[in-house]
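[1] Prediction below, plus the sequence it came from.
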Amino acid sequence: MNITVIGGGNIGTQFAVHCAEKGHAVTVYTSVPEMFEKCLTIVDENGNLTHQGEIRCATDDPVTALADADAVLVTYPSALMQKAADDVFAYCKKDALIGVVPGNGGSECAFRRCIEKGHTFFCIERVPAVARLVKKGSTVRSVGYRSELHAAALPASAAEQCAAFVSSIFDIPCKAIPNMLNLTLTPSNPVLHTTRLMTLFGDYQPGKVYPSLPLFYEEWDDETSELLFRCDDEVQKICRALPMFDLSHVKSLRVHYESETPHQLTEKIRSINAFKGLKTPSVPAEGGFLPDLHSRYFTADFSFGLAVIVQIAQFAGADVPELNRVLDWYNGIRIETAEFWYADHGIHDPEDFLRFYSL
């Protein structure tokens, strides 16, 4: 297949390597094509080569990138998803397969015109492995590969086809799940990251400097776990308020992390090897650190993650005070303006919502 990977960052490089290693003709659509080598590699946590593949090209030209693509894999941050969708709509043949990872942030709405045009659209629930660039355009470190992946599609009837495609790329079993809302409501980063940031920076105001900051995961605390559990319970409340959809795949984080109490969750998160050493998003300042309000942990996980879940709660008529409290806190300190609104995609009321997700 001709496969185009949109985005040349951590996940984009990881995807490009795996697709090329499988013998597909891979094009990386990136703003910095001059930085990309022909042969891209993946290494493990010790720097050992684990995967490699030769791409066809890297380009910043949308026609070159998309005109002959059989499949497009989008790894842009949520704030750029509409740009990717507009490029795909303008330049891709209508039978091209479109996939997005990870599968939250309202990306399915950004691609609504493409879906209506005839494209099959799918999302992968979570990334196959934690990826961090070693050298831009050349090497990425990928650790903690999952034993199973999950994919949902619009139309929903294409989920099995899309799951089989994903499995063929990564050699990881991929399970088709019944409805896109299972991914949109998955309480991973939109709850995991946002609750952690609120407990870390809940007293932040302009001018406040933090002398030091704990590691984001490795020094996780019970206060965050308690807030996370309350928010996680509210996500489950939203699911119960939408009985017309099979949302059985929206697993509680208690289940995902096999933790019955907040303290067990704290210990679990602290122990995950793939999370070790990851710093809290911050920028240096005189006397310490400031929160990095431009980090994706803020700009994506609140405005295109938690905001989506809260709007779904409104459509479902579910009361979610803890989720609203976390989002309201962020809105009081935010410095960016981009955010997701269902209304921007023609979804204004519960009827519009049900009609779209019933495709």
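    Arrived safely, thanks for sending. Numbering: from 1, shown residues only.

[2] what is the mean pLDDT for the longest helix along the chain?
    Assignment by DSSP state H gives helix 222-240 as the longest helix of the chain. Helix 222-240 shows a mean pLDDT of 97.

[3] what element comes up after that helix heading to the C-terminus?
    Counting by DSSP states H and E, the element after helix 222-240 in chain order, helix or strand, is helix 253-256.

[4] ok, and what's touching that following helix?
    187-188, 191-192, 228-229, 232, 259-260, 265 (C-beta atoms under 8 Å, 6 or more residues apart in numbering). C-betas here are computed from N, CA, C, even on glycine.

[5] buried ones in that helix?
    Across helix 253-256, burial judged by 16 or more other C-beta atoms under 10 Å covers 253-254, 256.

[6] Now rank the contacts of helix 253-256 by neighbours and give me the top one.
    Neighbour counts for the contacts of helix 253-256, by other C-beta atoms under 10 Å, peak at residue 228, which reaches 29 neighbours.

[7] three-state assignment of the closest residue to that residue other than its chain neighbours?
    Distance criterion C-beta to C-beta, 6 or more residues apart in numbering; nearest residue to residue 228, sequence neighbours excluded, is residue 195 at 4.4 Å. Under DSSP: H, G, I helix; E, B strand; the rest coil, residue 195 falls in the helix class.

[8] follow-up on the earlier one: for the contacts of helix 253-256, which one is nearest residue 15?
    Looking at those and their distance to residue 15, the nearest is residue 188, at 18.4 Å (C-beta to C-beta).

[9] quick one: terminal-to-terminal distance for stretch 275-282?
    Chord length of stretch 275-282, first to last residue, is 17 Å (C-alpha to C-alpha, to the nearest Å).

[10] just the strands in this protein please.
    2-6, 25-29, 39-43, 49-54, 57-59, 71-74, 97-100, 120-124, 130-135, 139-143, 149-154, 174-176, 282-285, 288-291 (DSSP state E).

[11] CA atoms only: put the last one into PDB for me.
    Once side chains and other backbone atoms are set aside, the C-alpha atoms of strand 288-291 remain, and they are given as PDB (Å, rounded to 0.1, in the frame of the first residue of the first chain):
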ATOM      1  CA  GLY A 288      12.700  27.500  39.700                       C
ATOM      2  CA  PHE A 289      10.000  26.500  37.200                       C
ATOM      3  CA  LEU A 290       6.700  27.600  35.600                       C
ATOM      4  CA  PRO A 291       4.100  25.300  34.200                       C
END
